[in-house]
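Chemist: structural data only, the sequence is not supplied:
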């Protein structure tokens, strides 16, 4: 690239845009769908198709364990995977601030290219807008993903059934605490890193090998507590969770304690919740632990019909280590803006 | 909605987000895909599938002929249609500034719902981020669209052939001049309006009835001149265009003249370029003129093999009314940021 900072005419649709596309995006996202240079891509995909979208506005752009580019790939790959699908293609829309250092953009685009390859997806079509200084904070990215549904029936939030078991694929709160501590320049930040990771292969193995996943969802914004509440409400069930079985890293626990945060409300970017029949729980746990991002997987609770224990339909009941229980509510208010 | 301006916690993923989704998005985008409330949507679609994405950052948000919401629907619907596809589903990612009046958001979401129904597409999945004041200018929207390819073979930018005829579906420059004049508060603005419109039905008729479209593309950013140059380069052909046959509204011509702009470099948001064999040109022209947004359609030029006339491969040669010719170049620099 010749210019060292991004100029408005890189988003004009004219010659400068074409140079940006050719010299930066084609270089890092290289694939025949993209380089056909039409207004979109023609995909080799047969239905049924899962589709999911997310915009990424994380601040800071770079943090331990990832950056806005890895997040934009992993986040959408994971959302597509949670539909019981094999993520295959991503679109990518950049909104860039005039004056952004080209080096920053190239570093992010490089990350995205690597993350896409690691996740087994192709970035097949895109859009770049450059807006005047002050109209956006540096860089926002939207990715939208599609993939073929591989689970039959597909998992969904309303399919948790009495007797099902609830698993998580690893430790909770790593991403959220990393962003907050890094943003605030706190010293314990050296011990924590984002868990940003693609979960498509874990989902593929869980789907094919257990054959009976009822619910899959990644506990991102709002954390585990909010996501469990959403699912309990959609399914009309009561979830009971054992507090001591929820995996939380010691560094995250102490960082949260210091800041008065609860790790169960902090975003994760490389973890999933899996709900399935009890007789498949052990198998699912082993699959998770064998796969790259599931080493700390754990069974954390179960699904009850309303009336079969404390709590009403749609509630999440936390069993404390001392045998008590309390309601685990959905996030109210905003703990942390621009977490992803 | 209770709050009159948008608060950060509407983007938290928690309870406030869920209220926003239920009370605003479900109301205006109502369809069973969306209201299933999973992380994505499962689409009834069989391949091959076309996919296209665009982010919309237009300033001002509201303008004669449309707003950022209509643009976000029509723009992506048209990009999918230009792949020779029938647009079916859109995802929608909002990035909202804290403090945005709820009334502004609702007005835009209402427009999007209407535009989607008019375009024959469903908004099936979405994402909402609220960022602190000053991190984004009011509202940016990404839409990503998918649809089944209906043209076989599908049109593409590299398929223009010697002897083909070049048509446009209507007048050039309306959208670009409207945005610029409205932004600057210029008085002649009363006579111009954006052409923002969905072209999917026009494409469907052209596809099925002519059976042989080589290239379809909508001349958005960079305008007709830039888009023709892109296609000529992809196809390795020379395009000759007759200046006097390009439809331009008198009000747009005089507004451009006043401002020193060229309507052939201004964005259009409801027009297409169609390139097909000469023996189908009259039929295509009649189809365009019969459909809702093609009343001013015109044949504007033809495709030559390099060496069969003035100009080299990839060049667009403009024939002037006096019989001269000049090269029509691609846009260099930025005439107008935040046009769409």
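Modeler: Everything's here; your move. Owing to the predicted nature of the structure, the values given are computational and were not obtained by experimental measurement.
Chemist: element containing the residue of the stretch 51-200 of chain A found nearest chain B?
Modeler: Per C-beta to the nearest C-beta, residue A:52 is where the stretch 51-200 of chain A lies closest to chain B, at 3.0 Å. (Glycine included, C-beta is placed from N, CA and C.) Take DSSP states H and E as the rule and residue A:52 turns out to sit in strand A:49-56.
Chemist: cool, and residue A:255?
Modeler: Using DSSP H and E, residue A:255 sits in helix A:250-259.
Chemist: ok, which stretches of the stretch 101-250 of chain A are strands?
Modeler: Remark: strands assigned in the stretch 101-250 of chain A by DSSP state E, counting those that start in this stretch are A:122-131, A:139-149, A:165-168, A:215-217, A:238-242.
Chemist: can I get these in a markdown table with distance to residue B:262 and mean pLDDT?
Modeler: Compiled in a markdown table, these are given as follows (distance: least, C-beta to C-beta, whole Å; pLDDT from 0 to 100):
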| stretch | distance to residue B:262 | mean pLDDT |
| --- | --- | --- |
| strand A:122-131 | 21 | 94 |
| strand A:139-149 | 31 | 97 |
| strand A:165-168 | 59 | 98 |
| strand A:215-217 | 52 | 97 |
| strand A:238-242 | 63 | 98 |
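Chemist: possible to save those strands as a markdown table with distance to residue A:10 and mean neighbour count?
Modeler: Shown next, in a markdown table, are these (distance: least, C-beta to C-beta, whole Å; neighbours: other C-beta atoms under 10 Å in any protein chain shown):
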| stretch | distance to residue A:10 | mean neighbour count |
| --- | --- | --- |
| strand A:122-131 | 5 | 25 |
| strand A:139-149 | 13 | 28 |
| strand A:165-168 | 42 | 24 |
| strand A:215-217 | 37 | 26 |
| strand A:238-242 | 49 | 22 |
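Chemist: in a markdown table, list those along with distance to residue B:198.
Modeler: Shown next, in a markdown table, are the strands of the stretch 101-250 of chain A (distance: least, C-beta to C-beta, whole Å):
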| stretch | distance to residue B:198 |
| --- | --- |
| strand A:122-131 | 18 |
| strand A:139-149 | 19 |
| strand A:165-168 | 44 |
| strand A:215-217 | 34 |
| strand A:238-242 | 44 |
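Chemist: compare those and give me the one nearest residue A:106.
Modeler: strand A:139-149 (11.7 Å; C-beta to C-beta).
Chemist: who are the packing partners of that closest one?
Modeler: strand A:49-56, helix A:68-81, strand A:85-97, helix A:102-119, strand B:49-56, strand B:85-97, strand B:139-149 (3 or more C-beta pairs under 8 Å, 6 or more residues apart in numbering or on different chains; DSSP states H and E).
Chemist: how many neighbours does residue A:44 have?
Modeler: The burial count assigned to residue A:44 is 10, neighbours taken as other C-beta atoms under 10 Å in any protein chain shown.
Chemist: return the residues in contact with it.
Modeler: Neighbouring residues of residue A:44 by C-beta atoms under 8 Å, 6 or more residues apart in numbering or on different chains: B:47, B:48.
Chemist: contact partners for residue A:61?
Modeler: A:67, A:68, A:104, A:108, A:138, A:139.
Chemist: TSV for these, including distance to residue A:225?
Modeler: Below are the contacts of residue A:61 laid out as TSV (distance: C-beta to C-beta, whole Å):
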residue	distance to residue A:225
A:67	27
A:68	25
A:104	34
A:108	31
A:138	31
A:139	30
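Chemist: residue B:293: which of those is nearest?
Modeler: Closest to residue B:293, out of all of the contacts of residue A:61 and judged by C-beta to C-beta, is residue A:139, at 34.8 Å.
Chemist: what's the local residue count around the residue nearest to that closest one when sequence neighbours are not counted?
Modeler: Among residues not flanking residue A:139 along the chain, residue A:96 sits closest, at 5.4 Å (C-beta to C-beta, 6 or more residues apart in numbering or on different chains). Residues near residue A:96, counting by other C-beta under 10 Å, number 24.
Chemist: residue A:96 bridge partners, please.
Modeler: Taking DSSP bridges, one finds residue A:130, residue A:139 as the beta-bridge partners of residue A:96.
Chemist: tell me which other helices or strands the strand holding residue A:52 touches.
Modeler: Using 3+ C-beta pairs under 8 Å, 6+ apart: strand A:49-56 touches helix A:68-81, strand A:139-149, strand B:41-43, strand B:85-97, strand B:122-131, strand B:139-149.
Chemist: compare those and report which one is nearest to residue A:20.
Modeler: strand A:139-149 (13.3 Å).
Chemist: now the closest one against strand B:122-131, angle please.
Modeler: Here strand A:139-149 runs at an angle of 150 degrees relative to strand B:122-131 (axes from the mean of the first three to the mean of the last three C-alpha atoms, to 10 degrees).
Chemist: how far off helix A:68-81 does strand A:139-149 point, in degrees?
Modeler: Per the same axes, to 10 degrees, the angle that strand A:139-149 makes with helix A:68-81 is 30 degrees.
Chemist: in this structure residue A:310 contacts residue A:317, no?
Modeler: Yes. Between residue A:310 and residue A:317 a contact is recorded at 5.4 Å, counting by C-beta atoms under 8 Å.
Chemist: circling back: any chance of the helices and strands packed on strand A:49-56 in JSON lines, with distance to residue A:222 too?
Modeler: Formatted as JSON lines, the helices and strands packed on strand A:49-56 follow (distance: least, C-beta to C-beta, whole Å):
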{"stretch": "helix A:68-81", "distance to residue A:222": "14"}
{"stretch": "strand A:139-149", "distance to residue A:222": "20"}
{"stretch": "strand B:41-43", "distance to residue A:222": "20"}
{"stretch": "strand B:85-97", "distance to residue A:222": "17"}
{"stretch": "strand B:122-131", "distance to residue A:222": "13"}
{"stretch": "strand B:139-149", "distance to residue A:222": "21"}
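Chemist: what's the closest of these to residue B:21?
Modeler: For residue B:21, the closest of those is strand B:122-131, at 7.3 Å, according to C-beta to C-beta.
Chemist: ok, whichever residue of the stretch 151-300 of chain A sits closest to chain B - contacts?
Modeler: Closest contact between the stretch 151-300 of chain A and chain B, by C-beta to the nearest C-beta, is at residue A:221 (2.9 Å). Applying C-beta under 8 Å, 6+ apart, we find residue A:221 in contact with A:267, A:339, A:340, B:11, B:12, B:13, B:14, B:17.
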